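**Student:** Output the structure for:
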Amino acid sequence: MSPFSTTRRQFLKWSAAAATVALAADGILLEPNRPRLVRQSFSLSRWPEQLDGFTIALLSDFHYDPYFSIHPLHAAIPMVNGLRPDLIVLVGDFVSAPSFGDVRKAAFAAEPCARLLRQMAAPQGLWAVMGNHDADTDPEHVTRALQAESIQVLANQSHAIERNGTRVWLAGVNDVLGGTADLQETLRHVPAGEAVILLAHEHDFADEASRFPVDLQLSGRSHGGQVRIPLLPPLYLPSMAKKYVLGRYQVGPLALYTTAGLGTVGVPVRLNCPPEITLVTLRHSAGK
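**Tutor:** Predicted coordinates:
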């Protein structure tokens, strides 16, 4: 074997090792901490013309910890405030349920998470629903922590948003995997014909929501897959997060958007799936 062939093989080996290290560094140190802004616009036939251009900042899957997921949250706060949204919605998983240990103690992370989230502001306030990790720890504790920072929590409830002489509804269901989500009860006081934006942590709940008079569902849950190898499906998708993994969908009459979320769960790695802040703009559509 020639010295050239040996040198070439060594070069290729070291190049592959360097590429692996660089990819790991990006997935652990860089990509998880740099939220990207995604802008989405939805035209809805029941959305009132008086609220044309109404904006919602959508965030999800914070999984607060003081070592990893705190960093994209810190980065997101000035980004959201710079957008000056009309409304901010937070669609669950403020804490992480551990595989071992005291799950109720894990809910204590909700306080520092809520204190950071409250640094964001919008004229129509901050509104939240529980995620499956919140439900698996202590949802009452998580709810109290959010409410103590003036973040309102919707638990199978709807809230009227009134502006410019018209009204729309913000609805939120309990965590679906917890078995207590009740969309019929959530919409019980919503008059027929008025627009409804639904907050539901699990995006695959859209199959159920599409049977109700809901115009748009905003969800998280999947982290967009968190680790996405090009040309392959996400390595792992949990239950109720296998169909509408990332981005916008039309589920019958229902529009759906699934955000990639901010934090990580399991290993603190993101690959080809950066954390996301979504700015949703709503417009009236006269064409339907």
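**Student:** Going by residue numbers, what spans are helices in the chain?
**Tutor:** Per DSSP state H, the chain carries helices over the ranges 3-25, 70-83, 103-106, 110-117, 132-137, 139-148, 183-186, 206-209.
**Student:** Just give me the lowest mean pLDDT stretch among those helices.
**Tutor:** Lowest mean pLDDT within the helices of the chain: helix 3-25, at a mean of 45.
**Student:** what's near enough to touch the residue positioned nearest the centre of the chain?
**Tutor:** A centroid search over the chain (Cα atoms, centre = their mean) returns Ser60, at 2.7 Å, as the residue closest to the centre. Residues near Ser60 by Cβ atoms under 8 Å, 6 or more residues apart in numbering: Leu90, Val91, Gly92, Asp93, Gly131, His201, Ser219, Gly220, Arg221, Thr259, Gly261, Leu262. C-beta here means a position set from N, CA and C on the backbone, and glycine is covered the same way.
**Student:** in this protein, which spans are strands?
**Tutor:** 36-44, 54-59, 87-90, 126-128, 151-153, 157-163, 166-172, 196-202, 216-220, 247-251, 254-258, 276-284 (DSSP state E).
**Student:** Out of those strands, the one nearest Ala241 is which?
**Tutor:** strand 196-202 (6.4 Å; Cβ to Cβ).
**Student:** So what angle separates the directions of the closest one and strand 276-284?
**Tutor:** Angle, strand 196-202 to strand 276-284, by axes from the mean of the first three to the mean of the last three Cα atoms, to 10 degrees: 160 degrees.
**Student:** ok, Pro85 to Ala57 distance?
**Tutor:** 4 Å (Cβ to Cβ, to the nearest Å).
**Student:** intersection of neighbour lists for the two?
**Tutor:** Ala122, Leu279.
**Student:** before we move on, the earlier item: just send the contacts of Ser60 back as TSV, with distance to Phe212, pLDDT and neighbour count too.
**Tutor:** Shown next, in TSV, are the contacts of Ser60 (distance: Cβ to Cβ, whole Å; pLDDT from 0 to 100; neighbours: other Cβ atoms under 10 Å):
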residue	distance to Phe212	pLDDT	neighbour count
Leu90	22	99	28
Val91	18	98	28
Gly92	20	98	27
Asp93	24	98	30
Gly131	21	98	33
His201	17	98	32
Ser219	15	98	31
Gly220	20	98	32
Arg221	19	97	32
Thr259	21	98	28
Gly261	25	97	34
Leu262	28	97	28
